[in-house]
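J.: need the 3D shape of this:
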Amino acid sequence: MLVLFVVSTAAVAAPARGAVTPRLPAAAISQLRTSSYAVVEDYLNPAQVQLIKNDVDALRTEGRFKVAGVGDAADNRLDDDVRRCEQCFLYPTMKHGGGGHAEGRTLLYEVLDGVRDSLQVGTSTQLDSLLTEGLYAAYPQGGFYRRHVDAFPGTPQEIRAFSYLLYFNEGWTAADGGQLRLHTDGGGEQRPPNARPSYVDVEPKAGTLAIFRSDLPHEVLDTAAPRLAVAGWFNTPPQGSSARRGLIAALGGALVVGGAVKAVGGLLGSGGGAN
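T.: As a prediction, the model looks like this:
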């Protein structure tokens with residue numbers, strides 16, 4: 001197991017309730033460049049965490065959370081051996097921007113826009129604002145998501161550049177489980193033969209932001225208590241305006257997860273790797 005390097009925003013004045021969190025610290029950008037991942041504790045303050053959780057509560061009341069499946073667009077199914085989780089889609093905003101708690105949702109979108117803009121500037125990676133993906137991922141006690149990657153070369157998901165997670169688990173302790181495990185053994189969905197285990201674990205504490213390259217294998221360890229996060233992807237622009245329009249339309253359709261190739265309408269899978 002590698003030592004996890006965590007960036008703290010403790011030295012930055014906490015934003016007021018409803019204010020947008022400061023952009024990513026330079027140390028986080030540097031870590032992402034060298035290690036393919038970055039973790040920033042206290043990226044959201046307690047007031048912001050609660051405001052966004054108000055959105056989650058409202059969406060639950062509206063019946064917007066559904067059991068997450070696995071498989072491609074033609075074979076979407078429930079599979080408790082791979083993933084046990086409920087989810088509620090947040091993007092594209094043209095379809096999922098309504099309902100819930102308006103103030104909390106507005107804050108969340110602004111925060112994620114800020115993260116995307118910081119990544120674009122800090123890593124010199126062009127990211128398409130209209131192709132951002134994201135959802136609430138709620139794991140029950142006994143939930144998990146086995147090792148997987150979010151982007152594969154030669155598939156529609158290859159435009160996924162960065163995966164992100166924002167956690168909302170107040171009072172989390174190690175006994176609660178549900179850590180994000182980032183595998184650094186050089187493999188994909190499987191550890192390479194004869195390779196020694198190599199990984200870092202991220203504690204899903206409220207306010208913590210985790211960002212990593214979307215081709216980095218990862219998993220959600222078994223939970224001993226409910227676990228809540230926003231999970232999603234920042235995407236690079238596809239080649240050609242017609243492809244971009246098609247992807248935007250596809251993101252408004254059903255979202256599926258799991259497997260090496262995830263597709264929505266044959267174009268882009270938006271659920272695979274929602275941690």
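J.: just the helices in the stretch 1-150 of the chain please.
T.: With DSSP state H, counting those that start in this stretch, the ranges of helices along the stretch 1-150 of the chain come out as 26-35, 46-61, 93-96, 102-123.
J.: and Val202, which of these is closest to it?
T.: Closest approach to Val202 among these (C-beta to C-beta): helix 26-35, 12.3 Å. C-beta coordinates here come from the backbone N, C-alpha and C atoms, glycine included.
J.: who's in contact with the closest one?
T.: 5, 7, 37-40, 118-119, 122-123, 162, 211-213 (C-beta atoms under 8 Å, 6 or more residues apart in numbering).
J.: now do Asp176, the pLDDT please.
T.: Per-residue pLDDT puts Asp176 at 98.
J.: for it, phi and psi?
T.: Per-residue torsions, Asp176: phi -80, psi -20 (degrees, to the nearest 10).
J.: tally of neighbours for Lys66?
T.: 11 (other C-beta atoms under 10 Å).
J.: shouldn't it be in contact with Leu59?
T.: No. At 10.8 Å, Lys66 does not count as touching Leu59 under the criterion of C-beta atoms under 8 Å.
J.: quick one: common contacting residues for the two?
T.: Listed as contacting both Lys66 and Leu59 by C-beta under 8 Å, 6+ apart are Cys88.
J.: from Asn169, how far out is Thr208?
T.: 9 Å (C-beta to C-beta, to the nearest Å).
J.: ranking the helices of the stretch 1-150 of the chain by mean pLDDT, which is last?
T.: Mean pLDDT values for the helices of the stretch 1-150 of the chain show the minimum at helix 93-96, a mean of 89.
J.: how about that one: buried residues?
T.: Residues His96 are the ones in helix 93-96 that count as buried (16 or more other C-beta atoms under 10 Å).
J.: look up phi and psi at the nearest residue in space to Thr125 that is not next to it in sequence.
T.: Closest residue to Thr125 apart from its sequence neighbours, by C-beta to C-beta, 6 or more residues apart in numbering: Ala161 at 5.5 Å. Backbone geometry at Ala161, expressed as degrees, to the nearest 10, gives phi -100, psi -50.
J.: same check, this time on Arg160
T.: phi -70, psi 120.
J.: show me what contacts it?
T.: Contacts of Arg160 (C-beta under 8 Å, 6+ apart): Glu133, Asp150, Ala151, Ser214, Trp233, Phe234, Asn235.
J.: possible to save those residues as TSV with secondary structure and neighbour count?
T.: Shown next, in TSV, are the contacts of Arg160 (DSSP: H, G, I helix; E, B strand; the rest coil; neighbours: other C-beta atoms under 10 Å):
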residue	secondary structure	neighbour count
Glu133	strand	28
Asp150	coil	28
Ala151	coil	23
Ser214	coil	23
Trp233	strand	26
Phe234	strand	26
Asn235	strand	27
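J.: could you export those residues as a markdown table, including distance to Arg33 and pLDDT?
T.: Formatted as a markdown table, the contacts of Arg160 follow (distance: C-beta to C-beta, whole Å; pLDDT from 0 to 100):
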| residue | distance to Arg33 | pLDDT |
| --- | --- | --- |
| Glu133 | 23 | 93 |
| Asp150 | 19 | 92 |
| Ala151 | 18 | 91 |
| Ser214 | 15 | 97 |
| Trp233 | 19 | 96 |
| Phe234 | 15 | 97 |
| Asn235 | 19 | 95 |
